[in-house]
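K.L.:
model this:
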Amino acid sequence: MVLSEIVLLSNTSGMMNVKEDAASDTPFKGEIVGESSLRIVLAGGGTGGHLYPAIAIAEAFAKRVPHCEFMFIGTAQGLEARVLPQLGYRLELVPVRGLIRKFTWSNLAVPMQLLQSVRRCLQLFREFQPNLIIGTGGYVSGPALLAAWFSRRKFVIQEQNNFPGLVNLRLGNRADAVFLSFEESRKFFPRQKHAHVVGNPVRANLQQRTQPQREAAARKWNLDANKTTLLVFGGSQGARRINELILELLPRLMEIGSLQILWGVGPSHFDKIAPHVQQHTRVAVVAYLEDMNLAYALADFVVCRAGASTIFELLLCALPAILIPFPFATADHQTFNARALEKAGAARLLMEKDLRVEELFEAIRALASEASLRMRMAEAARKLSRPHAAEEIVDACLKVIDTSRN
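P.N.:
Predicted structure coming up:
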């Protein structure tokens, strides 16, 4: 969902019908059953960058509030459809999708899908009676936040990046609270009195980087727990350019005897890359890294993109990184993320447009060969970490919920 979708739909008669539906969907005015029983809706997904902060918030709520009920809202095509059922969370699907950023006839169906999704969310809210709706970004959060606004329910927004997404920009000043990862993001919400800079929530299990976990990870991917491990990944879908660079460098990287590589190439790239790696016993290639906690436990340093969720996971795990921002990210926010880490000494920033193979090789060689460099970067990352972001969000959310008793 993007801003143009909201504007377009707000000018149609269909949106008036949604408002009429919402008017009959009166806000829940019954007594909240204390903190012992709360009902929370979380909407955000499509990619791990929007989904995993939502999961981290749910985990923190579950620790803080006994008998907390959760409903996630997502799409059948998003990562959430595969991940959430495995974790035991309730997932309700809506048909919304984002606009394709070029002319295509399929974009004509987007407004109707958005309208259907808003109506579906209103129906779900009547049935579930949530105390709070939390949007964590991505086009799937749009219908849930719009439905919350129309039905006058409490809703908050969690923004991962320093340049907010369009849905959050449009609705952030109307939310009961906004949770930001970067101080620089405050300027985008000038009328929001409850903007909290807390960092980006990270799943609790990523904090457990122990030697037993490292050994378990090495067994899982048939690697050596005693070797220096480079973790390479490009998000849930992979990163074509990073994959190309690593594949070109692989023979030279294998000359570094202490180095081994765990490489998440992305589902669409696996069949092309895997045959070229079979002869290298110190390289494990997987389509998708399902167990990021084990991947981080095995890693000594990382080559990856610079999305906000990845950034805060690296900081939490105190992992030195070579960051290659996705060059087409909205407002180039990944570059801003990466520069913040490089300035603090926690990462090396390499721009994809100007990146030379030799430059990437030297950056990898230095981190693979110099334990003292890795230690300095890890300490810098540790200082930037915000390990209690999810708990801070929950505390503020409970205050928002408490105001509805009045």
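K.L.:
before we move on, which element is Phe72 in?
P.N.:
strand 69-74 (DSSP states H and E).
K.L.:
Tell me which residues of whichever helix or strand comes after that strand come out buried.
P.N.:
Sequence order places helix 80-87 as the next helix or strand after strand 69-74, per DSSP H and E. Neighbour-count burial for helix 80-87, counted by 16 or more other CB atoms under 10 Å, picks out Glu80, Val83, Leu84. The way it works is simple: take the backbone N, C-alpha and C, and place the C-beta from them, glycine included.
K.L.:
so who does the first one touch?
P.N.:
It stands for Glu80. Glu80 sits next to Gly45, Gly46, Leu51, Phe72, Gly74, Leu91, Val140 when contact means CB atoms under 8 Å, 6 or more residues apart in numbering.
K.L.:
Narrow those residues to those in strands?
P.N.:
Of the positions in those, Phe72, Gly74, Leu91 sit in strands, assigned by DSSP state E.
K.L.:
any idea which of these is least confident?
P.N.:
Minimum pLDDT across those is recorded for Gly74, with 92.
K.L.:
Tell me the confidence at Glu31?
P.N.:
What the model reports for Glu31 is a pLDDT of 40.
K.L.:
With Leu259 instead?
P.N.:
At Leu259, the pLDDT value in this model is 97.
K.L.:
re the thing from before, what's the closest of the contacts of Glu80 to Ser385?
P.N.:
Among these, Leu51 lies closest to Ser385 (CB to CB), at 20.8 Å.
K.L.:
name the helices or strands packed onto the helix or strand encompassing Ile157?
P.N.:
For Ile157, the enclosing helix or strand under DSSP H and E is strand 155-159. With contacts defined as 3 or more CB pairs under 8 Å, 6 or more residues apart in numbering; DSSP states H and E, strand 155-159 has these neighbours: helix 48-64, strand 132-135, helix 141-150, helix 166-171, strand 177-180, helix 389-403.
K.L.:
Neighbours of Leu249, how many?
P.N.:
By other CB atoms under 10 Å, the residues close to Leu249 number 16.
K.L.:
Just to check, it is in contact with Glu362?
P.N.:
No - because the distance of 10.5 Å does not satisfy CB atoms under 8 Å, Leu249 is recorded as not touching Glu362.
K.L.:
quick one: stretch 382-398 to chain centroid distance?
P.N.:
Its chain's C-alpha centre and that of stretch 382-398 lie 15 Å apart, by CA atoms, centre = their mean, to the nearest Å.
K.L.:
Pull that stretch out as CSV, backbone CA atoms only.
P.N.:
The C-alpha trace of stretch 382-398 is given here as CSV (Å, rounded to 0.1, in the frame of the first residue of the first chain):
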residue,chain,number,x,y,z
ARG,A,382,27.3,-3.3,21.3
LYS,A,383,27.3,0.4,22.4
LEU,A,384,24.6,1.3,19.7
SER,A,385,22.4,-1.6,20.6
ARG,A,386,18.8,-1.0,21.9
PRO,A,387,18.1,-4.4,23.5
HIS,A,388,15.0,-3.3,25.3
ALA,A,389,13.1,-1.8,22.4
ALA,A,390,10.2,-4.3,22.5
GLU,A,391,9.8,-3.9,26.3
GLU,A,392,9.7,-0.1,26.0
ILE,A,393,7.0,-0.4,23.3
VAL,A,394,4.9,-2.6,25.4
ASP,A,395,5.1,-0.3,28.4
ALA,A,396,4.0,2.6,26.3
CYS,A,397,1.2,0.6,24.7
LEU,A,398,-0.1,-0.4,28.1
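K.L.:
Quick one: residues in contact with that stretch.
P.N.:
35, 56-57, 59-61, 64-65, 132, 134, 156, 158, 177, 179, 181, 194, 196, 198-202, 204, 207, 312, 315-316, 318, 340-341, 344, 346.
K.L.:
Now do the buried residues in it.
P.N.:
Those would be 384-387, 389-394, 396-398, for stretch 382-398 by 16+ other CB under 10 Å.
K.L.:
can you check stretch 258-268 too?
P.N.:
Neighbour counts over stretch 258-268 (16+ other CB under 10 Å) mark Leu259, Gln260, Ile261, Leu262, Trp263, Gly264, Val265, Gly266 as buried.
K.L.:
so which of those comes closest to Ser372?
P.N.:
Nearest to Ser372 among the buried residues of stretch 258-268, with distances taken as CB to CB, is Leu259, at 16.6 Å.
K.L.:
element containing the residue nearest to that closest one when sequence neighbours are not counted?
P.N.:
Distances taken as CB to CB, 6 or more residues apart in numbering put Ala368 closest to Leu259, at 4.6 Å, once the chain neighbours are dropped. Using DSSP H and E, Ala368 maps to helix 357-369.
K.L.:
if we can go back for a sec, which of the helices and strands packed on strand 155-159 sits closest to Arg241?
P.N.:
Of all the helices and strands packed on strand 155-159, helix 48-64 comes closest under CB to CB, at 18.2 Å.
K.L.:
Cool, thanks, signing off.
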